[in-house]
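S.K.: Please find the sequence and the predicted model below.
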Amino acid sequence: MSETAIRLIAPSGYPHDRAAMARGVARLREAGCELDGLEVLDRSEQRYAGSDAERAADLNALATRDALPDIALAIRGGYGATRLLTQLHYDALRERLGSSSTVLVGHSDFTALQLALHAKSGLCTFSGPMLGADFGAETLSEFTWRHFWDTVRAPATQVEWATTSDADHLDVEGPLWGGNLAVLCSLLGTPYFPAIDGGILFVEDVGEPPFRIERMLYQLHLSGVLGRQRALLLGDFSQCRPSSYDNGYGLVDSFAQIRRASAMPVIDGLPIGHEPDKFTLPFGAPARLQVAGGRAQLSFSGYPHLPPGV
């Protein structure tokens, strides 16, 4: 098996936890990966991993490099990707990456790039682990590590999880898409928000109180986005705690309200987001969702994956 070529990209925040970045680099090298783009780990400008021009160049370079990496891996999230959307070379990226096997992966703020690249270039990217918080965690999640490699090395993947949803005997198909809820809502009404009908939408977030989660889900509902989907998958909502003012109102209440308001299947328990254990999900790939007996099963295919032997 040849070495897996990984190119590091830094579209958002600077790498404040250098120890985590070093652990991530070491683990990937131990796994037989060859890493490129390490210079992004030394960049910082205010809260960003370099200037807007530098960070956009990381992505645009994927359209002009002599040899494409097997994986383009975001080092971390934070904020900053939205500032790059007007600077990306979408036609060139579509031309170069559209028929390639390159896996472009990240989550959180990376959602902005996934939305834009799908809307403007039709590219399928991945919501999954990043260098620092995931591969560089003090204790590596074997769940995350195993599922990442199993997914990007196969032409099709199937995952299962436990759910408390009462949407029993659900069986729907459509493009799988989604990501960070706040980032999704921030791009509504812009040219960078893809028009996806009949999709399976997944969302996650961190640090938002329940009423804000409900408000953002209402934004998707009232804008008509939810009504055009076949199902809504709820990922992890980390540190999304109510205050004393909420008088017991919490995430369970906000999700129940969205179920009532949208009248669509809402399936919880999906391992995706800001927790150690996460699936790797292809944004834009054809998928099938089945729910029965407290178990959800999601299968997807037709996404970029590493060639045999990599």
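M.R.: Everything's here; your move. Numbers count the residues shown, from 1 in each chain.

S.K.: which residue ranges form the strands in this protein?
M.R.: Under the criterion DSSP state E, the chain contains strands at 4-9, 33-36, 71-74, 103-106, 125-127, 156-162, 170-180, 199-206, 229-238, 266-267, 281-283, 286-292, 295-301.

S.K.: any chance of these in CSV, with mean neighbour count and distance to Leu84 too?
M.R.: Just so you know, the C-beta spots here come from the backbone N, C-alpha and C atoms, and that holds for glycine as well. Converted to CSV, the strands of the chain look like this (neighbours: other Cβ atoms under 10 Å; distance: least, Cβ to Cβ, whole Å):
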stretch, mean neighbour count, distance to Leu84
strand 4-9, 22, 11
strand 33-36, 17, 20
strand 71-74, 26, 12
strand 103-106, 27, 13
strand 125-127, 28, 14
strand 156-162, 14, 29
strand 170-180, 21, 16
strand 199-206, 24, 21
strand 229-238, 22, 24
strand 266-267, 22, 32
strand 281-283, 29, 17
strand 286-292, 19, 28
strand 295-301, 18, 27
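
S.K.: Quick one: closest of those strands to Gly309.
M.R.: For Gly309, the closest of these is strand 4-9, at 10.0 Å, according to Cβ to Cβ.

S.K.: Show me what the closest one is packed up against.
M.R.: In this structure, strand 4-9 makes packing contacts with strand 33-36, strand 71-74, judged by 3 or more Cβ pairs under 8 Å, 6 or more residues apart in numbering; DSSP states H and E.

S.K.: if you set the cut-off to 10 Å instead, what comes out?
M.R.: Counting contacts by 3 or more Cβ pairs under 10 Å, 6 or more residues apart in numbering; DSSP states H and E, strand 4-9 packs against helix 18-30, strand 33-36, helix 52-60, strand 71-74, strand 103-106.

S.K.: Quick one: mean pLDDT for that strand?
M.R.: For strand 4-9, mean pLDDT rounds to 98.

S.K.: Quickly run through the sheet partners of it, with directions.
M.R.: Strand pairing for strand 4-9, using DSSP bridges, gives strand 33-36 (parallel), strand 71-74 (parallel).

S.K.: Using CSV, list the CA coordinates for that strand.
M.R.: Output of strand 4-9 as CSV, limited to C-alpha atoms (Å, rounded to 0.1, in the frame of the first residue of the first chain):
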residue,chain,number,x,y,z
THR,A,4,-1.5,8.5,1.6
ALA,A,5,-0.7,12.1,0.5
ILE,A,6,-2.4,14.6,2.8
ARG,A,7,-2.3,18.3,2.2
LEU,A,8,-3.1,20.5,5.2
ILE,A,9,-5.4,23.5,4.7
